[in-house]
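Asker: need coordinates for the following:
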Amino acid sequence: MKTTATVELVFIPSPGMGHLVSTVELAKKLVGRDDRLSITVLIMKRPFDKSKVSSSTQSLLLTAAEDRLKFVYLPLDEAAAAELQSKFPDYFMLEFIKMNQQHVRDHVRTMVSTGSTRIAGFVVDMFCTPMMDVAVEFGVPSYAFFTSNATVLGLVFHLESLSPDEYHDLTELKDSDTELELPGFLNPVPVKVLPASFRDREFGRRVMSIAKRLRQTKGIMVNTFEELESNAVRFLAENDKVPPVYPVGPVIHLVNNKNEEGEEATEIVKWLDNQPLSSVVFLCFGSMGSFGGDQLDYKKDIYMSDSSNVMLVTAEEIENGIRKLMESENECGKERKQRVKEMCEKSKVSVVEGGSSYNSIGLLIEDFMKTS
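Answerer: Model prediction:
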């Protein structure tokens, strides 16, 4: 016997693969947890979304779709998107999301026109805050899904709280050894190790804009768990100028379907299975990360510079650092590996009944129900 959902949520993910996958997995968690929930995910198609990304996305959606979890591809005006890309190369994604506001408006209007759909709210990606304006038009609240971690979220709110002069000073210090006392961090943080984007004045303006909109949401879901980032989660929970924050992670797409993996992924997994235990270091670079030509031409700046501070990190030095991490007799490596194992177990506990993220999701669902 099918259960009729009583509350509908509209999810609007950023079109980036990592954001979309996390959003789908979160939606699956929610509908799997409570039969009263139904979710419609509105997907923006990027004009540069090539077949490899599209096929993997399609496979994910096909395996996730069910009666209470629907996926809708919004129309794409390729000519208009191409024009946007030429006019606003640095702000394309923001303008592209704004361009899709009307498509979201049209689809939600169709959903509510039947009279049988009770929309409890929009859940917007951290980069899709312009969609909050559409939610206001329909008289429903917005929640945000922050696909990064709680520490970054705390940093975003902290930077937004700085005065323009204070943020200006931070960008001036970007290559210095100056250490900052930052909320959510246990130890002082050297400015130069902050993400480069946070040390850029123009990006700072965008961060402030996003943070201002995030403060207007009814709640923020974060892809983390309390035990992993206890200091950052505590800072956010105790900050009365920040909406309720719900650690709902780890939100991970675990591939069980061989058809979903693809030939290349199957080969990679096969290779990994053949390696000795704890012998591989995995670096996550993001779905849209890449090195530009100037970055690859690493010798250019060295030859053009007269500075004695310019140096290369050799392959031998990198190898030595990795060996210290991986070799079992090295104390530093042993300690880190033990901490990783412990955190791995804590992550598993966090999502089962009684775990921190399990309980957090329960509180989130209660809030959805009150809103409706």
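Asker: could I get the full set of strands for the protein?
Answerer: Residue ranges of the strands in the chain, as given by DSSP state E, are 7-12, 37-43, 69-73, 119-125, 142-146, 179-180, 189-190, 220-222, 245-247.
Asker: now tabulate these in JSON lines and tack on distance to residue 160.
Answerer: C-beta: built from backbone N, CA, C; applies to glycine. Below are the strands of the chain laid out as JSON lines (distance: least, CB to CB, whole Å):
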{"stretch": "strand 7-12", "distance to residue 160": "22"}
{"stretch": "strand 37-43", "distance to residue 160": "27"}
{"stretch": "strand 69-73", "distance to residue 160": "32"}
{"stretch": "strand 119-125", "distance to residue 160": "17"}
{"stretch": "strand 142-146", "distance to residue 160": "14"}
{"stretch": "strand 179-180", "distance to residue 160": "15"}
{"stretch": "strand 189-190", "distance to residue 160": "17"}
{"stretch": "strand 220-222", "distance to residue 160": "14"}
{"stretch": "strand 245-247", "distance to residue 160": "15"}
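Asker: and those as CSV, adding mean neighbour count?
Answerer: Listed next are the strands of the chain as CSV, based on neighbours: other CB atoms under 10 Å:
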stretch, mean neighbour count
strand 7-12, 24
strand 37-43, 22
strand 69-73, 17
strand 119-125, 25
strand 142-146, 26
strand 179-180, 13
strand 189-190, 14
strand 220-222, 26
strand 245-247, 24
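Asker: out of those strands, which is closest to residue 163?
Answerer: strand 179-180 (15.1 Å; CB to CB).
Asker: that closest one pairs with which strands, and in what direction?
Answerer: Note on strand 179-180: by DSSP bridges, its sheet partners are strand 189-190 (antiparallel).
Asker: skip the chain neighbours and tell me the closest residue to residue 6.
Answerer: Counting by CB to CB, 6 or more residues apart in numbering, residue 36 is the residue found nearest to residue 6 once chain neighbours are left out, at 4.6 Å.
Asker: show me what contacts the closest residue to residue 149 other than its chain neighbours?
Answerer: Closest residue to residue 149 apart from its sequence neighbours, by CB to CB, 6+ apart: residue 224 at 4.7 Å. Residues near residue 224 by CB atoms under 8 Å, 6 or more residues apart in numbering: 149, 150, 232, 233, 247, 249, 250.
Asker: chain neighbours aside, what residue packs nearest to residue 147?
Answerer: Distance criterion CB to CB, 6+ apart; nearest residue to residue 147, sequence neighbours excluded, is residue 22 at 4.8 Å.
Asker: that neighbour and residue 142: what is the separation?
Answerer: Relative to residue 142, residue 22 is positioned 18 Å away (CB to CB, to the nearest Å).
Asker: which residues touch stretch 19-32?
Answerer: 9, 11, 13-14, 37-39, 41, 43, 57, 60-61, 64, 66, 68-69, 71, 123, 125, 127, 145, 147, 221, 223, 248, 251-253, 361, 364-365.
Asker: picking that back up, for the strands of the chain, give me CSV that also has distance to residue 95 and mean pLDDT.
Answerer: Below are the strands of the chain laid out as CSV (distance: least, CB to CB, whole Å; pLDDT from 0 to 100):
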stretch, distance to residue 95, mean pLDDT
strand 7-12, 16, 96
strand 37-43, 18, 96
strand 69-73, 20, 93
strand 119-125, 16, 97
strand 142-146, 20, 99
strand 179-180, 33, 88
strand 189-190, 33, 89
strand 220-222, 24, 99
strand 245-247, 29, 98
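Asker: residues in contact with residue 99?
Answerer: 77, 80, 81, 84.
Asker: out of these, name the ones that lie in helices.
Answerer: Per DSSP state H, helices hold the following members of the contacts of residue 99: 80, 81, 84.
Asker: what does the pLDDT read for the second one?
Answerer: Among the per-residue scores, residue 81 holds a pLDDT of 83.
Asker: grab the nearest non-local neighbour of it.
Answerer: Closest to residue 81 by CB to CB, 6+ apart is residue 47, at 4.2 Å.
Asker: give me the buried positions along stretch 24-36.
Answerer: 24, 25, 26, 27, 28, 29, 30, 31, 34, 36 (16 or more other CB atoms under 10 Å).
Asker: now the residues you listed in JSON lines, with distance to residue 108 and pLDDT?
Answerer: Shown next, in JSON lines, are the buried residues of stretch 24-36 (distance: CB to CB, whole Å; pLDDT from 0 to 100):
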{"residue": "24", "distance to residue 108": "19", "pLDDT": "93"}
{"residue": "25", "distance to residue 108": "23", "pLDDT": "93"}
{"residue": "26", "distance to residue 108": "20", "pLDDT": "96"}
{"residue": "27", "distance to residue 108": "16", "pLDDT": "96"}
{"residue": "28", "distance to residue 108": "21", "pLDDT": "93"}
{"residue": "29", "distance to residue 108": "23", "pLDDT": "94"}
{"residue": "30", "distance to residue 108": "19", "pLDDT": "96"}
{"residue": "31", "distance to residue 108": "19", "pLDDT": "95"}
{"residue": "34", "distance to residue 108": "22", "pLDDT": "95"}
{"residue": "36", "distance to residue 108": "20", "pLDDT": "94"}
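Asker: got any ranges where the stretch 251-372 of the chain has weak pLDDT?
Answerer: Within the stretch 251-372 of the chain, the stretches with pLDDT under 70 are 255-264, 281-314, 325-330, 332.
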